[in-house]
Each structure stands twice: as structure tokens, then as C-alpha cells.
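# Structure of the sequence below:
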Amino acid sequence: MRNLITSANRANHTSSIKSRHLSLAACLACSLAFVPNLASAETSAPFVGVELGYGEGRVNTDEAYLRGVQYGITAGYKQFFMPYVGLRYYANFSVMHAPGGYDKDGNDIATLDKKTTTLLNYGVNVDFLANFVAGEDFDFGAFVGVGVGAYTWLKSGYLEYAPSNWKLTHLDVALNVGLRTNIAKNHGIEVVGRVSFLDGNVYSTTVNGTSVKLDVSHPYSVTARYTYSF
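So this is what the prediction gives:
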């Protein structure tokens, strides 16, 4: 009788251990079902992009505001060290067209009516990429980085009659920040904000003991960008 009871206890114990193992396996399987397929997450690749949005230029801080459509292209390489963290290195070139101009109170500047000022911006950039979601067909995250280059004001609009000795190209150091997605491996959509830190001096002189100067800047732009990764 004792042997029968002992055998029954052993059988129950073995059955209990098997049940626990099956439960753990089931929990593990359920957990893995919710883990992104990291092998298929976003990977390193060269890319190109186009963007369209809005930009602003300023003359002597608040003397004139020049605002209008901005569009451009980018090309570079994104490098992922893991599915959630990476860097990208790229060049950018953009054009801003600002029809007319406004004073600090938002009033039209009569002398700029029907005149368009054109601004070019170009340089190289490095962005830190952080993905909050990394899946097989969809990635979502943010980026922050810095760009170094230059911006050039063409002889148009506000600077239409700029003398040849005026300096119209200036150093540009800017902060890049925004949100980004990567869809079906190759396609990306981003919202990009760019803030420039430096003003440029077009000319400085002294008239009757008074300092006279003209400074320009390209303080910010906000664009939507489409990228294609190869």
C-alpha cells in the first residue's frame, strides 16, 4: 500500500513539474509574440530624400521678415548599431523663395511688393537616430543632430540691388530635430525642424561717426521630408 501511495505521489510530482514547464513555455511563446522581429528592423543603408515646407529669413533682426516656401534634397548614409539606435551622415541643399516682406508688426513692406527674395542653404549633417518602435515593416522614432555649411542670398528681392562688394554668403551652424518613420524597409516620412544659430554681416560702415550695418539670418525652417533607402 505504501508503495502505491509513494508511486502516486511521484507521478503527481512529475505531472506538476511537466505542467509548470508547459506553462513557462506558453508564457515565453506569448512574450515572444509581442517582441518585434529585430532581424527585420531598420538597417544601415544609403538614402536620398526630398523635402517641402516653410522657411524664414530676417534682415537686421526685425527690420524685415522674409517668409516663404522652402524645398530641397538630401543624400547620405544611415548606420544602425542596433535596431533602436543609429547615426546618419548626409548632405543637404535647399532653396527658399520669399515673396514680399513684412515688418515686425506683420505689415507688408511696400518696396518689396511683387518681389521675391531667394535664399540657398547647403551643408553637411550628422544626426543621432532613436527608434521607439522597431518592427518588421514599420519603425518610428526621433532624431537630433547638427549641420554645418553656408547660406547664400541671391541678388533678388530685398537684395536685388546689392553692390558686388556686399557679402551674401555666410557660415551656417544649425540644429536638426524631428520625428521620423521607416515604412516597408525602403520608405521614410519625416517632420524636420532646423534652427540656425548664426547671423551674417552683409556690410558694415561708418557714416558721420555713426555705425551702419546690414545683417541677415535664416533662423529656422520646418519641412516634411520623404526618403528612400536603398
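# Now do the helix or strand harbouring Val124: distance to the chain's middle.
Mapping Val124 onto the secondary structure by DSSP states H and E places it in strand 116-134. Using C-alpha atoms, centre = their mean, to the nearest Å, the mean C-alpha position of strand 116-134 is found 5 Å from that of the whole chain.
# Who are the packing partners of it?
Counting contacts by 3 or more C-beta pairs under 8 Å, 6 or more residues apart in numbering; DSSP states H and E, strand 116-134 is packed against strand 45-59, strand 64-82, strand 85-99, strand 138-153, strand 169-183, strand 210-229. For the C-beta atoms, the positions are set from N, CA and C on the backbone; glycine is no exception.
# how much does it deviate in direction from strand 64-82?
Strand 116-134 and strand 64-82 are oriented at 30 degrees to each other (axes from the mean of the first three to the mean of the last three C-alpha atoms, to 10 degrees).
# thinking again about what came up before, could I get the helices and strands packed on strand 116-134 in CSV, plus columns for mean neighbour count, mean pLDDT and distance to Leu129?
As requested, the helices and strands packed on strand 116-134 are arranged in CSV below (neighbours: other C-beta atoms under 10 Å; pLDDT from 0 to 100; distance: least, C-beta to C-beta, whole Å):
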stretch, mean neighbour count, mean pLDDT, distance to Leu129
strand 45-59, 18, 97, 12
strand 64-82, 18, 96, 7
strand 85-99, 19, 97, 4
strand 138-153, 18, 97, 5
strand 169-183, 18, 97, 7
strand 210-229, 17, 95, 12
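# Quick check: which of those is nearest to Leu198?
Each of the helices and strands packed on strand 116-134 was checked against Leu198 via C-beta to C-beta, and the shortest separation belongs to strand 169-183, namely 5.6 Å.
# So what are the sheet partners of whichever helix or strand comes after that closest one and their directions?
The first helix or strand that comes after strand 169-183 along the chain, using DSSP H and E, is strand 187-196. Using DSSP bridges, the neighbouring strands of strand 187-196 in the sheet come out as strand 169-183 (antiparallel), strand 210-229 (antiparallel).
# Next, the residues that contact strand 187-196 from outside, please.
Here strand 187-196 makes contact (C-beta atoms under 8 Å, 6 or more residues apart in numbering) with 47, 49, 51, 53, 143, 147, 151, 172-183, 217-229.
# same deal with stretch 100-112?
Counting contacts by C-beta under 8 Å, 6+ apart, the residues touching stretch 100-112 from outside are 62-67, 113-117, 157-158.
# Would you mind giving the strands paired with strand 187-196 as JSON lines with distance to Tyr203 added?
Putting these into JSON lines (distance: least, C-beta to C-beta, whole Å) gives the following:
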{"stretch": "strand 169-183", "distance to Tyr203": "12"}
{"stretch": "strand 210-229", "distance to Tyr203": "5"}
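# Asn131 is nearest to which of those strands?
Here strand 169-183 is closest among the strands paired with strand 187-196 (C-beta to C-beta), at 8.0 Å.
# quick one: contacts of that closest one?
Residues contacting strand 169-183 (C-beta under 8 Å, 6+ apart): 42, 121, 123, 125, 127, 129, 137-153, 188-201, 216, 218, 229.
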